[in-house]
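Visitor: model the structure of this input:
(2 chains)
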Amino acid sequence: MIRIEHVTRRFGRYAAVNEACLELTPGDSVALWGANGAGKTTLIRCLLGLLRFKGNISINGLDVLRRGKQARMLVGYVPQELAFHDEMKVAEAVVFFARLKGIGHPDPAIALGNVGLSGHESKRVRELSGGMKQRLALAIALLGDPRILILDEVTASLDAVGRSEFVRLLERLSGEGRTMLFASHRPEEVGALARRVAEMSLGRITSIAPTRDFLARASTGCVLHLLMRDDARPIAIRELRAVGFDPRLNGEGILVGVHPDRKAAPFRILADASIAVDDFEILPAPTQATPGAPPATGDAGQPAAEVLP
Amino acid sequence: MSVALTAHPRDLSIPAPPRAWRNILTIAGRELRDAVRSRWFILYTLAFAVLGLAVSFVSAAGTGGTGLSGFGRTTAGLINLVLLVVPLMALTAGASSIASERERGMLAYLFAQPVSRTEVLAGKYAGLAGALAACLMLGLGVCAAILAWKGVAARPASVLWLAALSLLLALGMLSLGMLLSVLSRRASVALGAAVFVWLALVLVSDLALMAGVVALRLRIEELFALSLMNPLQVFKMWSLHAVDATLDVLGPAGLYAADEHGPRLHLIFGVCLFAWVVIPLAAAAVLLARRSPV
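Guide: Now for the predicted structure:
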């Protein structure tokens, strides 16, 4: 159904995707896993024909560069964040994209009802929350009932509740026999949605494994995602580094790799430095970027978060 | 190391009806609705109508306010108004179309749908052209209606010529604006470039021609040929030729053009202005097909 063969995309000298090969059969569900800059989004953009590349990508035998329009007819795409005219009404947006997909008389109420957005037809896009915008993007992606869904870190901008609801929605869709290719940083999403996981590092697909095996390898440590004020983050990073942790900035917080038995240690260090932690999450540690490489370990003996979302 | 990149042969091809046309119409409708709802459209329409009325009344007052001679002066005033306002309006509308959507990630999302880039460009162009046409027709229509009501007689053919040529100038400048938009990564850069081009066409080109005549002792035919390279000059010459059937007011270059090219002038001016519509738009289509939308 989707065939990616020796795809290379360069930005100047830098190969954002390097000789990537992947094949998805009908009903397959594959997660693209890797750190920021690993090449997941670039590969998805190549697949959609948004970027030119060297190599071949076909969807149902249609070359995405030569017959991109026809190939994209088979695909529903959900980006990380819906970017569209904020002043447009939700129903108008659905009708607009339905027409582009060749649907003659679209019914926005049905499309929106499928993703739990009933009653929001007359709202403007800017009035929707982040989670609702993602649902709208999903409703648009599902117009015309495409058998392939391509999702690019669709829950990255959602809070925990929105994320969990969205993943449940995707689980339902995945169960309807659709082929799914999605980029994700989150093990719980991968566990819920993927049959296989393609790990990417530095533009290369370094391994393709069944999800069960991938998660078994991934569960050997954990990562704390600590949310705090913007101005506190650099100080927190300095304090944690001083005692041997390897913290990294991540969106609204920082990520710290810790041993499962020592999760409280970073909190103590930050409390001693009078840094308030507003919220936190405990994430399973991602797998190593390069299979076979030694695990990165902080000076304090804790496994560092090596592949950081 | 450079990499041989695969081309987009489909994106460069002429869209095949009916699906391609449906997509173009859908995007054009969207663009037209957005433009009509936007502040720039209302502002430009109001400004154009108000300035047009002011010019008309001042011109008509100079000839006693009535009669065909009054309209002749009014036409000259309106031509100068169109020369200033319409290129600015069309250039900025075109310049902000692609670049701002690219900047906000909307262009990539649109390209991820089953549409070709040529269809997106054509749809946006058609929508903006429709908005500009509405703006011009409203502005000129209000002027013509009020002048008629005040008793300033107008030849309908002259009004139609002025409206049609204004629209053709607007389409040319819109093409150029869209080319600037495709070339620019950021909307602010595209808008800055549009204003710069407008200044160059309105002001610098005239000054350069005058300097050329003095410094290089340009012959009259060379001066006329150089004038044809500026769409604003072409519009001015064509409007005067069409409305008054004479180019005397343009001086020696006008007299030379009328004597030398006479009946061919409509064709010459038409080809020149049409080239300003087609060439920048075709270049924009080629570049848009090759450039990344992100």
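
Visitor: okay, CA-based contacts and neighbour counts for the rest of this
Guide: Noted.

Visitor: what stretches of the chain score poorly on pLDDT?
Guide: Since you didn't name a chain, this refers to chain A. A:218-221, A:251, A:284-309 (pLDDT under 70).

Visitor: wait, I meant chain B there
Guide: Counting by pLDDT under 70, chain B shows low-confidence ranges at B:1-17, B:60-72, B:152-154, B:244-250.

Visitor: wait, what's in contact with the most centrally placed residue in it?
Guide: Centroid check for chain B by CA atoms, centre = their mean gives B:Ala170 as the closest residue, at 2.0 Å. The contact partners of B:Ala170, by CA atoms under 8 Å, 6 or more residues apart in numbering or on different chains, come to B:Val86, B:Pro87, B:Met89, B:Ala90, B:Ala129, B:Leu132.

Visitor: what does the stretch 51-200 of chain A put close to chain B?
Guide: A:51-54, A:65-73, A:77, A:79, A:82-85, A:96-97, A:99-102 (CA under 8 Å from any CA of the partner chain).

Visitor: using PDB, list the CA coordinates for the host helix or strand of B:Gly52.
Guide: Using DSSP states H and E, B:Gly52 sits within helix B:39-61. Written as PDB, here are the backbone C-alpha positions of helix B:39-61 (Å, rounded to 0.1, in the frame of the first residue of the first chain):
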ATOM      1  CA  ARG B  39      -9.900  45.200   5.900                       C
ATOM      2  CA  TRP B  40      -7.700  45.800   2.900                       C
ATOM      3  CA  PHE B  41     -10.500  45.300   0.500                       C
ATOM      4  CA  ILE B  42     -12.900  47.700   2.300                       C
ATOM      5  CA  LEU B  43     -10.100  50.200   2.800                       C
ATOM      6  CA  TYR B  44      -8.900  50.200  -0.800                       C
ATOM      7  CA  THR B  45     -12.500  50.300  -2.200                       C
ATOM      8  CA  LEU B  46     -13.400  53.300   0.000                       C
ATOM      9  CA  ALA B  47     -10.100  55.100  -0.700                       C
ATOM     10  CA  PHE B  48     -10.500  54.500  -4.400                       C
ATOM     11  CA  ALA B  49     -14.100  55.700  -4.500                       C
ATOM     12  CA  VAL B  50     -13.400  58.800  -2.300                       C
ATOM     13  CA  LEU B  51     -10.300  59.800  -4.200                       C
ATOM     14  CA  GLY B  52     -12.000  59.100  -7.500                       C
ATOM     15  CA  LEU B  53     -14.900  61.400  -6.600                       C
ATOM     16  CA  ALA B  54     -12.500  64.100  -5.300                       C
ATOM     17  CA  VAL B  55     -10.500  63.900  -8.600                       C
ATOM     18  CA  SER B  56     -13.700  63.900 -10.600                       C
ATOM     19  CA  PHE B  57     -15.200  67.000  -8.900                       C
ATOM     20  CA  VAL B  58     -11.900  69.000  -9.000                       C
ATOM     21  CA  SER B  59     -11.400  68.100 -12.700                       C
ATOM     22  CA  ALA B  60     -15.100  68.900 -13.600                       C
ATOM     23  CA  ALA B  61     -15.000  72.100 -11.600                       C
END
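
Visitor: any idea how far A:Thr211 is from A:Glu165?
Guide: According to CA to CA, to the nearest Å, A:Glu165 and A:Thr211 sit 21 Å apart.

Visitor: now do A:Asp279
Guide: 29 Å.

Visitor: ok, the two, which is more surrounded?
Guide: A:Thr211 (22 against 10; other CA atoms under 10 Å in any protein chain shown).

Visitor: list the contacts of the more buried one.
Guide: By CA under 8 Å, 6+ apart, the contact list for A:Thr211 reads A:Val190, A:Gly191, A:Ala194, A:Arg195, A:Arg196, A:Val197.

Visitor: neighbours of B:Trp149, how many?
Guide: The tally of other residues near B:Trp149 (other CA under 10 Å) stands at 10.

Visitor: what helix or strand is the residue of the stretch 151-294 of chain B found nearest chain A located in?
Guide: At 5.8 Å from chain A, B:Ser292 is the closest residue in the stretch 151-294 of chain B, using CA to the nearest CA. Under DSSP H and E, no helix or strand contains B:Ser292.

Visitor: how about it, nearest residue that isn't a chain neighbour?
Guide: Sequence neighbours aside, A:Leu51 is the residue nearest to B:Ser292 in space, at 5.8 Å (criterion: CA to CA, 6 or more residues apart in numbering or on different chains).

Visitor: can you turn the buried part of the contacts of B:Ala170 into a ChimeraX selection?
Guide: If you want just the buried ones from these in ChimeraX, going by 16 or more other CA atoms under 10 Å in any protein chain shown, the selection is:
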select /B:86,87,89,90,129,132
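
Visitor: can you redo the contacts of B:Ala170 as JSON lines with distance to B:Ala76?
Guide: Shown next, in JSON lines, are those (distance: CA to CA, whole Å):
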{"residue": "B:Val86", "distance to B:Ala76": "15"}
{"residue": "B:Pro87", "distance to B:Ala76": "17"}
{"residue": "B:Met89", "distance to B:Ala76": "20"}
{"residue": "B:Ala90", "distance to B:Ala76": "21"}
{"residue": "B:Ala129", "distance to B:Ala76": "24"}
{"residue": "B:Leu132", "distance to B:Ala76": "21"}
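
Visitor: tell me the one of the contacts of B:Ala170 nearest chain A?
Guide: In terms of CA to the nearest CA, no member of these lies closer to chain A than B:Ala129, at 19.6 Å.

Visitor: what secondary structure does that closest one sit in?
Guide: helix (DSSP: H, G, I helix; E, B strand; the rest coil).

Visitor: so who does it touch?
Guide: Per CA under 8 Å, 6+ apart, neighbours of B:Ala129: B:Ala170, B:Leu171, B:Leu174.

Visitor: which stretch of helix or strand covers the closest residue in space to the second one that isn't next to it in sequence?
Guide: When you say that, I think you mean B:Leu171. The shortest distance from B:Leu171 to any non-neighbouring residue, by CA to CA, 6+ apart, is to B:Val277 (5.8 Å). Using DSSP H and E, B:Val277 maps to helix B:265-290.

Visitor: which ones are touching B:Leu218?
Guide: Contact partners of B:Leu218, counting by CA under 8 Å, 6+ apart, are B:Gly212.

Visitor: shouldn't it be within a strand?
Guide: No - counting by three-state DSSP, B:Leu218 is not found in a strand; it is coil.

Visitor: which residue is the nearest non-sequential neighbour of the closest residue to chain B within the stretch 1-150 of chain A?
Guide: The nearest approach of the stretch 1-150 of chain A to chain B comes at A:Lys69, 4.5 Å away (CA to the nearest CA). Spatial nearest neighbour of A:Lys69, chain neighbours left out: B:Pro114 (4.5 Å); criterion: CA to CA, 6+ apart.
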